[in-house]
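Got a sequence here, can you build the structure:
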Amino acid sequence: GREAASCVAELEGLLEQSGWNAGALSVCISDHFVRYVMLPWRPGLRAYADWEAYANHQLDARYGTKRPCELRIAPAPAGANRFVAATDTELLRQLRDLAARRGLRVAALEPNACRVANRFRRRLGRRAHLLVAEADRLTWLSAIEDRWTDVVSVRNEGGNGLGALAMSARLHGGYNAETD
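Numbering: from 1, shown residues only. Sure, this is the predicted structure:
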C-alpha cells in the first residue's frame, strides 16, 4: 500500500520533471514487492487455473500470509519445475494507473529477479546459482541443466541477509555446502 504509493509517486515526479508523456513504460519491480516460489512438477495439473491454485498454496505455505498478488507462472516442459513470481497487486494497479494518466503504453512490469534470471539463465553452467542483490533484499536461484530448481528471497536488513539466505536455501533443500 503505502510503500507502493511512495515508489509510484517518485516515478511520477521523475516523469513530470522529464516532460515525458508519450511512448512506453517499462518498470523493473524491486523484489521487495514480489514473493517467489518454485513449483515442483505435478503430472495431474493441466489447466492454468490448477497451476495457479497450486502456486497460491505453495506461496501460503512458504510465506505464511496471504497478500493480494498477480501471479506469473513461467512455462516449462513436462517434468520441469515452474518459476512463480507473485507481485503486489496494489503496486501493479498504481503503475498501470500512472501509465494511463500520462498516456503511456505499459511495455513491461517485470520483477527484478525474473529480469536477471531471464538474462543469465542460458549463460550458467551445468549446475549454478544466481544471486540477485538489492539494497534491502537478496534473491537466490539455483539451476541444473539450464532449468531453475529453487528460488529463495530474504530481507537484507543490516547486511545480514546472506546468512538468512543460506539457511533458508538449506531448509528448502536447494543448497548443499558439500556439493555446491
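
Now do the strand or helix carrying Ala61: which elements does it pack against?
Using DSSP states H and E, Ala61 maps to helix 48-63. The helices and strands touching helix 48-63, judged by 3 or more CB pairs under 8 Å, 6 or more residues apart in numbering; DSSP states H and E, are strand 34-39, strand 69-73, strand 82-88. (Glycine included, C-beta is placed from N, CA and C.)

How about the secondary structure of Pro77?
With DSSP: H, G, I helix; E, B strand; the rest coil as the basis, Pro77 sits in coil.

Counting neighbours, what do you get for it?
With neighbours defined by other CB atoms under 10 Å, the count for Pro77 comes to 7.

where's it relative to Val132, distance?
24 Å (CB to CB, to the nearest Å).

Ok, Ala4 next?
Distance from Ala4 to Val132, by CB to CB: 20 Å.

As PDB, could you dump the C-alpha coordinates of stretch 66-85?
In PDB, the C-alpha atoms belonging to stretch 66-85 read as follows (Å, rounded to 0.1, in the frame of the first residue of the first chain):
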ATOM      1  CA  LYS A  66      -1.900 -14.200   2.100                       C
ATOM      2  CA  ARG A  67      -1.300 -10.900   0.100                       C
ATOM      3  CA  PRO A  68      -3.200  -9.800  -2.900                       C
ATOM      4  CA  CYS A  69      -0.900 -10.600  -5.800                       C
ATOM      5  CA  GLU A  70      -0.800 -11.100  -9.500                       C
ATOM      6  CA  LEU A  71       0.800 -14.400 -10.400                       C
ATOM      7  CA  ARG A  72       3.200 -15.100 -13.300                       C
ATOM      8  CA  ILE A  73       3.900 -18.800 -13.700                       C
ATOM      9  CA  ALA A  74       6.800 -19.400 -16.200                       C
ATOM     10  CA  PRO A  75       6.000 -22.100 -18.800                       C
ATOM     11  CA  ALA A  76       8.000 -25.200 -18.500                       C
ATOM     12  CA  PRO A  77       8.200 -28.600 -20.300                       C
ATOM     13  CA  ALA A  78       6.500 -31.600 -18.700                       C
ATOM     14  CA  GLY A  79       8.600 -32.800 -15.700                       C
ATOM     15  CA  ALA A  80      10.200 -29.500 -15.100                       C
ATOM     16  CA  ASN A  81       9.800 -27.000 -12.200                       C
ATOM     17  CA  ARG A  82       7.900 -23.800 -12.800                       C
ATOM     18  CA  PHE A  83       9.200 -20.500 -11.500                       C
ATOM     19  CA  VAL A  84       6.500 -18.300 -10.000                       C
ATOM     20  CA  ALA A  85       6.500 -14.600  -9.200                       C
END
